[in-house]
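Asker: need a 3D model of the sequence below.
(one chain, ligands or ions: 1)
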Amino acid sequence: IHVRVRAESAPGEKRVAATPDSVKKLLAAGASVQIESGAGLGSLMTDAAYEAAGARVVRRGAEVEPGSVLFHVRPLTVDETAALPAGTVTVGMLDPFQNAAAVAAARDARVTSFALDLMPRISRAQSMDVLSSQALLAGYRLVTLAADAFGRMFGMTMTAAGTLAPARVLVLGAGVAGLQAIATAKRLGGVVSANDVRAASADEVRSVGGTFIDLDLGTAEAGGGYAKELAEDRARRQQELLAPHIAASDIVLTTAAVPGRAAPRLVTAAMVAAMKPGSVLVDLAAESGGNVEGSVAGERRTIAVPGGAVTLIGARDIQSDLAPDASKLYAMNCANFAALLMKEGDLVLDFDDELVSGSAVTHDGAVVNERVAAVVE
Ligand code: NAD
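Answerer: Reported below is the predicted structural model:
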């Protein structure tokens, strides 16, 4: 197969879907690799490094050869998709439920598109699971963002001049990102507690050193390890029960999500206003509706409270803040998936493989994922 690696076009996006190491892996599997000039610069990887690994560097936006497999990070725009030759295979994140127009464009251009963000969460898929690899980095970054905005030390510190108290950190939503945030906040010395609605999460939280807050709400699971949306009365009850924990926290990190739904609202504006001056909230769900009322993706807001202010940060593209690491993991996810599409170096699409069929969105002029088809015109 011929792999083409795109230089990302979205403003602020620093990640890239291949690294010199992943290029070597692709070549060893029998692929050839073209990479657009400058594609790796945001992740500190030069054209020369890709060339040394065996890739051919091509002009940014150079025409894609028919039959190529195009690696990307962000979903392509409608125009970028429409410009692809029929039969191109794309591999990357599609966010298809928010991007129906680009999915329709891929269908109409007879592009075969695979959404790595729809990969079934089974063990065989772990090495291709971009949601996990990118959520892990996001969880870490939430903590460093919070630590920077928090004008105090995280860890308890005893000195001859007195003792500094540790930061009290609350993590809401303990999936991949939340668990990484707990572990990271713990390493900085914070006293960390967390809440989630999945049955397995109490043990998972404890395993990374957090204290699980049991709200006695019962669990809400949709199957496949995902959470279900809470009914309105239970959601309100969750807010009420969380309120005292939020008021007692210095740092609140929110990562709660329900696939295909707006993010659950866990923290109201009144709860933010009841926090201590100097407290910090970082909302990873700001782009998908917000776990915290009033959070805006990409904005750092200061909210006046008696005696000072609370900082509310809406996360946006925070994996790009750690682009070299994010790209390294993402590139290997792509290369591992590409291996499923190859037989002795040739492109073979085996839709009997549940990882191939589970992540396929368009093929042969049709939307092949039923749930996505329901939202595409
Ligand atoms: P996600 O991003 O969909 O959601 C983040 C977290 O928010 C989840 O833990 C969810 O339970 C939680 N949440 C939802 N509503 C909430 C509410 N009202 N209050 C508090 N928390 C709420 O989740 P994710 O990080 O993608 O992980 C989802 C599941 O997939 C987990 O069970 C994880 O262990 C599993 N997983 C499996 C694999 C694998 O086997 N390959 C890989 C990664 C993740």
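Asker: which bits of the stretch 51-200 of the chain sit near the ligand?
Answerer: Within the stretch 51-200 of the chain, the positions lying close to the ligand (CB under 6 Å from any ligand atom) are 121-123, 125-126, 129, 131-132, 135, 172-178, 195-198. C-beta coordinates here come from the backbone N, C-alpha and C atoms, glycine included.
Asker: buried subset of those residues?
Answerer: 125, 129, 131-132, 135, 172-178, 195-198 (16 or more other CB atoms under 10 Å).
Asker: picking that back up, so which of the residues of the stretch 51-200 of the chain next to the ligand sit within strands?
Answerer: Of these, the ones assigned to strands by DSSP state E are 172, 195.
Asker: thinking again about what came up before, give me the subset of the buried ones among the residues of the stretch 51-200 of the chain next to the ligand lying in helices.
Answerer: The helices, defined by DSSP state H, take in 131-132, 135, 176-178 from these.
Asker: right, and the ligand sits closest to which residue of the chain?
Answerer: The ligand sits closest to residue 175 of the chain, with a gap of 2.3 Å, by CB to the nearest ligand atom.
Asker: doesn't residue 258 make contact with that residue?
Answerer: No: judged on CB atoms under 8 Å, residue 175 makes no contact with residue 258 at a distance of 10.5 Å.
Asker: my guess is residue 8 contacts residue 73. True?
Answerer: Yes: judged on CB under 8 Å, residue 8 makes contact with residue 73 at a distance of 5.4 Å.
Asker: state the mean pLDDT of the helix or strand that contains residue 234.
Answerer: According to DSSP states H and E, residue 234 maps onto helix 232-247. When pLDDT is averaged along helix 232-247, the result is 96.
Asker: hmm, what's the outermost residue in this structure?
Answerer: For the chain, the residue at maximal distance from the C-alpha centroid (CA atoms, centre = their mean) is residue 160, at 43.3 Å.
Asker: ok, back up a step: buried residues in the very next helix or strand once past the helix holding residue 234?
Answerer: Where DSSP H and E defines the elements, the next helix or strand beyond helix 232-247 is strand 251-254. By 16+ other CB under 10 Å, the buried positions in strand 251-254 come out as 251-254.
Asker: ok, and what's touching strand 251-254?
Answerer: Contacts of strand 251-254 with the rest of the structure, by CB atoms under 8 Å, 6 or more residues apart in numbering, involve 142-143, 146, 150, 167-173, 178, 181, 185, 190, 246, 266-267, 275, 279-285, 291-292.
Asker: and the residue farthest from the centre of the chain, how far from residue 189?
Answerer: Distance from residue 160 to residue 189, counting by CB to CB, to the nearest Å: 19 Å.
Asker: now do the same contact list for residue 39.
Answerer: Residue 39 is in contact with 5-8, 16, 18, 50, 60, counting by CB under 8 Å, 6+ apart.
Asker: any chance of those in TSV, plus secondary structure?
Answerer: Below are the contacts of residue 39 laid out as TSV (DSSP: H, G, I helix; E, B strand; the rest coil):
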residue	secondary structure
5	strand
6	coil
7	coil
8	coil
16	coil
18	coil
50	helix
60	coil
